[in-house]
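Asks: can't give you the sequence, but here's the structure:
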Ligand SMILES: [Mg+2]
């Protein structure tokens, strides 16, 4: 659905994608509407019910404005993961179980033939983003959390980067500027309420089977049946 009735005549020069729920399939059962569904919660579930419940509380704190920012929220969550015994093997299992969205390979292959730049911005785990970037040959990737494990596979340290909510906008602006492209010539595709900041700043934004907050903001909406999500259908919106 095209909301503003403005046909997009020029093919976007830079394609920005959200990762979880967009390039990667999401576990819809974990979407309780609080925040965008992600592997943070999948990982917490894997670490046990108690970990999951504590992780849910961080979402309430986030929504109540009790964190300084996204980094502060991630740090709290990472410490919870650590407390419940996060290991390299468990994170590896989450990464291995992640699945590309239908149409992702086809869409990204098509974009390569068009010679456009592609970028992925995610507030999620770097190991997941690495897997996606290598598979789809995405030009630029920013991810929120990189875990470092010791020789025994236990969590040793971590690196956190502002890459969600407003953090997504900053990266988009930097990448666009490096390529000499205006944000108005860029497209963003996402699925979460955390994506509204970025959706507001680009020329075309697609709410891809998205939470309602993003549907209200995006220039284009694509709603597909559960299990029939397909990224390639985005091209139909633009023609
Ligand atoms: Mg998402």
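Replies: Done, it's in. If you're wondering where the values come from, they're calculated on a predicted model, not measured in any experiment. Numbering: from 1, shown residues only.
Asks: Would you map the helices across this protein?
Replies: Taking DSSP state H as the criterion, the chain contains helices spanning 39-46, 49-63, 70-83, 88-97, 104-114, 126-136, 166-178, 196-199, 212-217, 234-237.
Asks: Out of those helices, flag the one nearest residue 24.
Replies: helix 126-136 (6.7 Å; C-beta to C-beta). (Each C-beta comes from the backbone N, C-alpha and C, glycine too.)
Asks: Helix 104-114 and that closest one, what's the angle between them?
Replies: On the basis of axes from the mean of the first three to the mean of the last three C-alpha atoms, to 10 degrees, helix 126-136 is oriented at 60 degrees to helix 104-114.
Asks: Give the other helices and strands that helix 126-136 contacts.
Replies: In terms of contacts (3 or more C-beta pairs under 8 Å, 6 or more residues apart in numbering; DSSP states H and E), helix 126-136 is packed against helix 88-97, helix 104-114, strand 117-125, strand 140-149.
Asks: what comes up buried for that helix?
Replies: Buried residues in helix 126-136, defined by neighbour count with 16 or more other C-beta atoms under 10 Å: 126, 127, 128, 129, 131, 132, 133, 136.
Asks: possible to save the residues you listed as a markdown table with distance to the ion and pLDDT?
Replies: Formatted as a markdown table, the buried residues of helix 126-136 follow (distance: C-beta to the ion, whole Å; pLDDT from 0 to 100):
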| residue | distance to the ion | pLDDT |
| --- | --- | --- |
| 126 | 16 | 97 |
| 127 | 17 | 96 |
| 128 | 12 | 96 |
| 129 | 12 | 97 |
| 131 | 16 | 97 |
| 132 | 12 | 98 |
| 133 | 16 | 98 |
| 136 | 16 | 98 |
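Asks: From these, pick the one nearest residue 12.
Replies: Nearest member of these to residue 12, counting by C-beta to C-beta, is residue 136, at 16.7 Å.
Asks: How about that closest one, nearest residue that isn't a chain neighbour?
Replies: Closest residue to residue 136 apart from its sequence neighbours, by C-beta to C-beta, 6 or more residues apart in numbering: residue 108 at 4.3 Å.
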